[in-house]
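Q: Coordinates only, no sequence provided:
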DNA sequence: GACGCCTAGAAAACCGGTTTTCCCCGGCGG
DNA sequence: CCGCCGGGGAAAACCGGTTTTCTAGGCGTC
C-alpha cells in the first residue's frame, strides 16, 4: 500500500476508490470519513491522510452514484410563476444563494401557462433529481396541490399561504398594508383606492384584509378596490377604473411594484399630477422604484430573506424536522419618495375624463 | 413469468426490474426499448407490452442510476450575472422553456459578487450533475474562462462573445444600433449621446461600434459617449454627465432598458422635457417600457429566442456536433413610443444646471 | 442434413458511491 | 492463561440503471 499503488490516469476524474488507494485504506473508510459517520472509529493520523488524499486528487463525488446509494441528491427545485417579475427575482436570488451556502444546487422551473409543469415538477422528485420543492406559485386550484399531500415529497410554499398545509413561508403582509395606510393617514389622506391582485391569491387577500382592517380601525371611509393581474397592464387597468369611478380618491395603494408602474402611467394618462392630485404608494421596493417619475414611495419587504428562509425551512424538513409555518421577521419599512404627499383640498384638477 | 410475479409494493416507486417482470422480459430489454436502441430487435407485440407496463406502473427512471451507468444526466446549468435584470430574465425564460421541451432540467446560478461561483459551477460538471453549461456572464477576466478550454466540458456563451471560443450565441447588436440611429436620423436628430455599459463587455463594445459606424456613415457628428453600470443608477449617472458636458445633444441612446430608466430620471431631474428637449431610445424592449413616463421608444430584441438558441446549440454539442457560433436571426425592430420626437430647434429650454 | 445466419431476447458485467457486517488485534480482567 | 471487549478498519452487499456479450431456436442454403 504505497502511493505508487494509486492509478496514474493523470487526466482522469478521480473516484472514491482512487482516494482510498492513495491513502492506503478502503473506500468505505473514505466514504465514512467524508460523511462524518460517528460510528466509525479512526485514528486522527489516518483521517488526515485521507483528507490529504482527497485534496491532492481533487476528488469530487459523483452525484448520481451518491443518490443511487440512497443518500440525498443535494439539489432543490424552485417553481416560480413569472421569471420576469423582479419581485420573484429577488426571492429567487435569496433562495439560490442560501441553497448554495448549504451545498445544494437549485433547479428552476417557471409555471406560466405551460401546461404540464406541475406533473413534471413532481417528477423531479420521483426521478430522484431533487430532494425537495420550493413552490412560489400555489394558486388554490393548482394541480400540484392535489398531488403533494399524499406523496412524501418534502416541500414548502413560498409567499403563498396554502391553508392548513403547515408549511407556509410568508411575510408580514398585513403589517405592510398597515404601514402603507399609516403613511397615507399621516399625510392627511382619507379616501384611498387599492389596486389589488388576482382574487384567489393569498397575498392578494392578505394585503386587502390588512388594508381594510386598518382603515376600519382608523375610522376612515372604506377604501375602494379594483383588481388586476400582477403586471403593469393590470395596474394600469385597475387604476383607470378607480379614477373613473371614484373621483374623490386622493391616494392609491398598489399591490405590487409592477402594478404600481401601471398605476403611475394611468394617473398620468388621466391628466392628474402625482402627488399633487393623487398620491401613489406600492407594496414591494426595488432600486427601480427610485428612478420612476415621480420616484415611487414603496414598502420594502425582505424578499431575499424570504427566499433564504424558505430554503432553511425546506432543509429542516430534509433533516427530519416536521414542517411548520414560518413568518419571516423584519418589519415592513416605508421608503418615502416623491409619489406621496398631502392630499389636494378640492376636486381633482386634472383633465380626467369624468362622465359628462 | 406472469403478472403475478410482479412485486406488490403497492405504494412503492417502481423500478426498471419491476417493469420487466410485469412485462415478462428482462430489464435490459426494457432499457433498450425505452432508449430506442436500434441494435435491439424485438417483436412489435413485446414492445407494446413493455410500453404498457411502463405506463401502468408509472415508471420513472432514477436519474442518478442513469447518470451512473454512463448515460447523460439530462440537466443543464445556466450562469447569469444578475437575476433581477429583466433582460436576463427573458433569456432565462427562453432557456428554461427550451430545456424543458428537450427533456432537460435547468440548474441556476447567479454570478454576482459571489466569490467562488466559477469554481462551483465547473464542479457541477465534474460531479456529473449536469451535461453542459450556458454561460451568460463571461467577462473577459472571468476565472471560468481560464478553466473551461482545457476541460472537455460542453458549454456555450450566451449574449457574451468570447473571441475565438467558437461557441458564441449572440444577437444582431450592431444592426440594433443601426436601427436606433436610423430612427433618430429620420426624426432629424444630429447630435446624439450614448449611454454605454461597462467597458470590457462584448455587448457594450458591439453596441457602441454599431452606433459609431452608422453615425460615420450618415455623416453626422460623432456621438458623445458616457459609460455606466447596467442598471438604473448607471444610466442615471452617465446621462447626467452627458447632459452637463454636451448641452447641444438632442437625443440619447441607452444601452439597456434599466439604464434607460435611469436616463429618463436624469433628464427629468435636469428639468428637461422628453421628447421636447431630449429624445430617449433604448436597446431592449419589455412590456415595462410602455408604462414609463413618457412611454419609452425601444428596440425589441429576440431575447427568449436567444435563450432557446443557446440551449439548442448546447444540445447539439451534447449530440456530438462540434461547437459553432450562432447569430440569432430576427431583425431588431424599433418600437416607437412617446420618448422620441423631432429635435428642438434652439438650445435646451430646461432648467438644467449648466456651468455658470 | 449440416452449417451458418438472423431474430428475439437473456445474462451479466459494470458505473461509483453508502452502509452494514465482519474480522483482526491488542489490552485487560478473572 | 483464557476469554471478552473495543478500537480500527476491511469486505461485501447493495442502489437502479446501461451496455456488451451470449444463447436458443427457426430458417434458408449448399
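A: Done, it's in. Quick caveat, the model's predicted, so the values are computed rather than measured.
Q: Pull the number of nearby residues for the closest residue to residue A:333 other than its chain neighbours.
A: In space, and not counting its chain neighbours, residue A:333 is closest to residue A:300: 4.8 Å by CB to CB, 6 or more residues apart in numbering or on different chains. In short, each C-beta sits where N, CA and C put it, glycine included. Residue A:300 has 18 neighbouring residues, counting by other CB atoms under 10 Å in any protein chain shown.
Q: backbone phi and psi for residue A:300, please?
A: Main-chain dihedrals, residue A:300, degrees, to the nearest 10: phi -80, psi 130.
Q: which regions of chain A sit below the pLDDT cut-off?
A: For chain A, applying pLDDT under 70 flags the ranges A:1-12, A:113-116, A:138, A:149-151, A:346-356.
Q: Around DNA strand C, which positions in it sit nearby?
A: A:13, A:15-17, A:27-28, A:31-32, A:34-35, A:37, A:39, A:59-62, A:65-66, A:68-71 (CB under 7 Å from any atom of the strand).
Q: if I look at residue A:319, how far off is residue A:102?
A: 11 Å (CB to CB, to the nearest Å).
Q: next one: residue A:54
A: With distances taken as CB to CB, residue A:54 is found 20 Å from residue A:102.
Q: Repeat that for residue A:278.
A: 46 Å.
Q: got it, and residue A:240?
A: 46 Å.
Q: So for those two, which residue has more residues nearby?
A: More crowded of residue A:240 and residue A:102, by other CB under 10 Å: residue A:240, with 21 against 15.
Q: Leaving out sequence neighbours, find the closest residue to that one.
A: residue A:266 (4.7 Å).
Q: which residues touch that neighbour?
A: Applying CB atoms under 8 Å, 6 or more residues apart in numbering or on different chains, we find residue A:266 in contact with A:235-237, A:239-240, A:243.
Q: which among these end up buried?
A: Buried members of those, scored by 16 or more other CB atoms under 10 Å in any protein chain shown, are A:235-237, A:239-240, A:243.
Q: how about JSON lines for those residues, with secondary structure added?
A: JSON lines is the format used below for the buried ones among the contacts of residue A:266 (DSSP: H, G, I helix; E, B strand; the rest coil):
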{"residue": "A:235", "secondary structure": "helix"}
{"residue": "A:236", "secondary structure": "helix"}
{"residue": "A:237", "secondary structure": "helix"}
{"residue": "A:239", "secondary structure": "helix"}
{"residue": "A:240", "secondary structure": "helix"}
{"residue": "A:243", "secondary structure": "helix"}
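Q: Tell me the one of those nearest DNA strand D?
A: Nearest to DNA strand D among the buried ones among the contacts of residue A:266 is residue A:235, at 47.8 Å by CB to the nearest atom of the strand.
Q: and chain A, which residues reach DNA strand D?
A: Taking CB under 7 Å from any atom of the strand, the part of chain A that reaches DNA strand D is made up of A:24-29, A:40-43, A:46, A:65, A:68-70.
Q: Mind doing that once more with 10 Å?
A: Contact residues (CB under 10 Å from any atom of the strand) of chain A with DNA strand D: A:1, A:16, A:20, A:23-33, A:37, A:39-47, A:49-50, A:64-71, A:126-128.
Q: Who are the packing partners of the helix or strand containing residue A:51?
A: Counting by DSSP states H and E, the element that carries residue A:51 is helix A:44-57. The contact analysis (3 or more CB pairs under 8 Å, 6 or more residues apart in numbering or on different chains; DSSP states H and E) places helix A:44-57 against helix A:16-23, helix A:27-34.
Q: The first one relative to helix A:27-34, how many degrees between them?
A: It refers to helix A:16-23. 90 degrees (axes from the mean of the first three to the mean of the last three CA atoms, to 10 degrees).
Q: Report the separation between the closest residue to residue A:199 other than its chain neighbours and residue A:281.
A: Of all residues not flanking residue A:199 in the chain, residue A:227 sits nearest, at 6.2 Å (CB to CB, 6+ apart). Counting by CB to CB, the gap from residue A:227 to residue A:281 is 18 Å.
Q: again, but for residue A:234
A: 17 Å.
Q: the more surrounded of the two?
A: Higher neighbour count among residue A:234 and residue A:281: residue A:281, with 29 against 24, using other CB under 10 Å.
Q: Surely that one and residue A:181 touch.
A: No - with contacts counted by CB atoms under 8 Å, residue A:281 stays clear of residue A:181, the gap being 9.1 Å.
Q: Can you pull the residues that touch both of those two?
A: Residues touching both residue A:281 and residue A:181 (CB under 8 Å, 6+ apart): residue A:253.
Q: All the helices of the stretch 101-250 of chain A, residue numbers only.
A: A:117-126, A:143-147, A:173-187, A:202-218, A:232-245 (DSSP state H, counting those that start in this stretch).
Q: How about residues contacting the third one?
A: Which is helix A:173-187. Contacts of helix A:173-187 (CB under 8 Å, 6+ apart): A:192, A:203, A:206-211, A:213-215, A:218, A:220, A:251, A:253, A:279, A:281, A:283, A:297, A:299, A:301, A:331-334, A:336, A:340-343.
Q: Return the set of buried residues in that helix.
A: Buried residues in helix A:173-187, counted by 16+ other CB under 10 Å: A:173-181, A:183-185, A:187.
Q: Looking at the helices and strands packed on helix A:44-57, which one is packed in the most?
A: Mean neighbour count (mean count of other CB atoms under 10 Å in any protein chain shown) peaks for helix A:16-23 among the helices and strands packed on helix A:44-57, with a mean of 21.
Q: need the contact list for the residue nearest the centre of chain A.
A: In chain A, the centroid-proximal residue (CA atoms, centre = their mean) is residue A:91; its distance is 3.3 Å. Contact partners of residue A:91, counting by CB under 8 Å, 6+ apart, are A:80, A:136, A:158-159, A:303-304, A:306-307, A:310.
Q: can you do 10 Å?
A: A:78, A:80, A:85, A:134, A:136, A:158-159, A:169, A:171, A:301, A:303-308, A:310, B:83 (CB atoms under 10 Å, 6 or more residues apart in numbering or on different chains).
Q: Kindly report the same for residue A:37.
A: Residue A:37 touches A:28-29, A:31, counting by CB under 10 Å, 6+ apart.
Q: And for the residue of the stretch 201-350 of chain A found nearest DNA strand D, the neighbour number?
A: Nearest to DNA strand D, among the residues of the stretch 201-350 of chain A, is residue A:318, at 18.8 Å (CB to the nearest atom of the strand). Residue A:318: 16 surrounding residues under other CB under 10 Å.
Q: tally of neighbours for the residue lying closest to residue A:225 once chain neighbours are set aside?
A: Nearest residue to residue A:225 in three dimensions, chain neighbours excluded: residue A:194, at 4.7 Å (CB to CB, 6+ apart). Using other CB under 10 Å, residue A:194 has 25 neighbouring residues.
Q: Surely residue A:194 and residue A:209 touch.
A: No - Residue A:194 is not in contact with residue A:209 according to CB atoms under 10 Å; the separation is 11.0 Å.
Q: The residue nearest to the centre of chain A sits in which helix or strand?
A: Using DSSP H and E, residue A:91 sits within helix A:86-101.
Q: quick one, that helix and helix B:86-101 angle?
A: Using the same axes, to 10 degrees: helix A:86-101 against helix B:86-101 is 70 degrees.
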